[in-house]
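Student: okay, predicted coordinates and the sequence, questions at the end:
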Amino acid sequence: MNILALTNLFPSAWDPLRASFNRQQFDRLAQVHDLEVMVAVDFRDRYRGRRGDPPALTHARSDDFTFWYPPRVGRSLHGLAWYASLMAQRGASLRRRRYDLLLASWGYPDAVGTARLARTLKLPYVVKVHGSDLNQQAQHRLQRGQIASALRGARAVVAVSAALAQRARELGVPAARVHVLYNGVDGDSFRPGERAGARRRLGLAAEGPLVLYVGNLKPGKGCLDLLEAFPGLLERQPAARLAFVGDGPSAQALRQRAEVLGVAGRVLFAGARAHHELPAWMHAASLLCLPSHSEGVPNVVLEAMACGLPVVATDVGGIPEVLPPHAGRMVPPRDRQALVDALDEVLRSDWPTGAITGHAERFSWRDNIERLDRILQDAARPAAST
């Protein structure tokens, strides 16, 4: 089939490290179908300038358009603005191409704009939902109706967790059209490795526990909660260190707070790292911590388990579906004392590396693509339910 994927969740020259899970999935899907990815680039990012070259695609093709919208106000108009931006910049070429199916990846505004495009081009479409697009944005009254309409109009809705699938059903999507499809893990890259060598290559201290955070540095990811909990962990684990791998709007606040808490010397801010660099950090770590306030199923948790690394995460979204007791601990979101207790417990315990990696093997890109292919083929059939 000739498929057009439309999303803001994809690497571009303006955000080269964005959404590696979509890059991996779409590039693999392009081995089966002719796949082009149309990336929505926020106009603010466009004005800031290019930040680098995104990872090369082996099979898929990508293009982009600038997403123009009224900042700070009019968020309920973003779906219309997304569609208008796309059509003004790429409408002629989209009409020339003979697509069989549209695939939107993100609920708002991407799926809402894609639903409009599907009506314009008279094409079926499928929507992938990932987390805060339904957990948060669909809770706003003016956006909820638009998201619900876009999902109900799709031939299929693909959710990365059962919790998100339930959200889609609550928005009125028939159960038969909702599919749970966990993301995959690149098992060739994410696998157990030798800790001492990884620390040496990264220039990290050879001894002592290392707590690793990987992700965007923003409040909703719980990175500030982790930093606030860290002094309590140091009381029990004086040799512990904390590494933040990522960047985002909370980066400066985290650095300043680390100084105030008197732990700056024990906290490393490694900045955003390319996806292929993450296995080394996981090999060097003692555990991964992701204390998000809401989630779909974060790939970093799956990738950590594939490396045999125990995980401390919050009991939110799809995390309980993928993190078993033999692979780590879950705590309530925003509960810093529970976070201290769980981190200390995990650091003091022995963890069955083989059982953790064995569990992670169920999240394979091969299975993911086979199932996604079947969903898309069914959705493109003229007789598919609408």
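Tutor: Yep, that arrived. Just so you know, these numbers come straight off a predicted model, no measurement behind them.
Student: just the mean pLDDT for stretch 275-286, thanks.
Tutor: Across stretch 275-286, the average pLDDT comes to 97.
Student: residue boundaries of the helices in the stretch 251-386 of the chain?
Tutor: 251-261, 278-284, 299-306, 319-322, 336-348, 353-360, 365-380 (DSSP state H, counting those that start in this stretch).
Student: what number of residues lie near Val297?
Tutor: Val297 has 26 neighbours, counted by other CB atoms under 10 Å. The way it works is simple: take the backbone N, C-alpha and C, and place the C-beta from them, glycine included.
Student: and the residue nearest to it when sequence neighbours are not counted, what does it touch?
Tutor: Excluding its sequence neighbours, the residue lying closest to Val297 (CB to CB, 6 or more residues apart in numbering) is Gly318, at 3.9 Å. Counting by CB atoms under 8 Å, 6 or more residues apart in numbering, Gly318 makes contact with Val160, Ser161, Ala162, Ala163, Leu164, Tyr182, Glu295, Gly296, Val297.
Student: pLDDT weak spots in this structure?
Tutor: Within the chain, the ranges that satisfy pLDDT under 70 run 383-386.
Student: would you map the strands across it?
Tutor: 2-7, 34-42, 61-67, 101-105, 125-129, 156-159, 178-180, 210-214, 241-245, 267-269, 287-290, 311-314, 328-331 (DSSP state E).
Student: out of those strands, which is the most enclosed?
Tutor: Across the strands of the chain, averaging neighbours per residue (mean count of other CB atoms under 10 Å) puts strand 125-129 on top, at a mean of 28.
Student: which strands and helices sit next to it?
Tutor: strand 101-105, helix 112-121, helix 141-153, strand 156-159, helix 162-170, helix 365-380 (3 or more CB pairs under 8 Å, 6 or more residues apart in numbering; DSSP states H and E).
Student: the same query, at a cut-off of 6 Å, please.
Tutor: strand 101-105, strand 156-159 (3 or more CB pairs under 6 Å, 6 or more residues apart in numbering; DSSP states H and E).
Student: given that strand, what are its sheet partners and their directions?
Tutor: strand 101-105 (parallel), strand 156-159 (parallel) (DSSP bridges).
Student: could you point out the longest helix in this protein?
Tutor: Secondary structure of the chain per DSSP state H: the longest helix is helix 78-96.
Student: pull the CA atoms of that one into CSV?
Tutor: Once non-C-alpha atoms are left out, helix 78-96 reads as follows in CSV (Å, rounded to 0.1, in the frame of the first residue of the first chain):
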residue,chain,number,x,y,z
HIS,A,78,-5.3,23.9,16.7
GLY,A,79,-6.8,21.0,14.8
LEU,A,80,-8.1,23.4,12.2
ALA,A,81,-4.9,25.3,12.2
TRP,A,82,-2.9,22.1,11.7
TYR,A,83,-5.0,21.1,8.7
ALA,A,84,-4.9,24.6,7.2
SER,A,85,-1.1,24.7,7.6
LEU,A,86,-0.7,21.4,5.9
MET,A,87,-3.0,22.2,3.0
ALA,A,88,-1.4,25.6,2.4
GLN,A,89,2.1,24.2,2.2
ARG,A,90,1.6,20.6,0.9
GLY,A,91,-2.0,20.4,-0.4
ALA,A,92,-1.2,20.3,-4.1
SER,A,93,1.4,17.5,-3.7
LEU,A,94,-0.9,15.5,-1.4
ARG,A,95,-3.7,15.6,-4.0
ARG,A,96,-1.3,14.3,-6.7
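Student: next, the buried residues of that helix.
Tutor: 78-87, 89-91, 94 (16 or more other CB atoms under 10 Å).
Student: got the angle between that helix and helix 112-121?
Tutor: 40 degrees (axes from the mean of the first three to the mean of the last three CA atoms, to 10 degrees).
Student: and helix 78-96, how far out from the chain middle?
Tutor: Centroid separation between helix 78-96 and its chain, computed with CA atoms, centre = their mean, to the nearest Å, is 25 Å.
Student: now, among the buried residues of helix 78-96, which is nearest to Val312?
Tutor: Closest to Val312 out of the buried residues of helix 78-96 is His78 (34.9 Å), distances taken as CB to CB.
Student: surely the closest one meets Tyr69?
Tutor: Yes - contact criterion CB atoms under 6 Å: His78 and Tyr69 qualify, at 5.1 Å.
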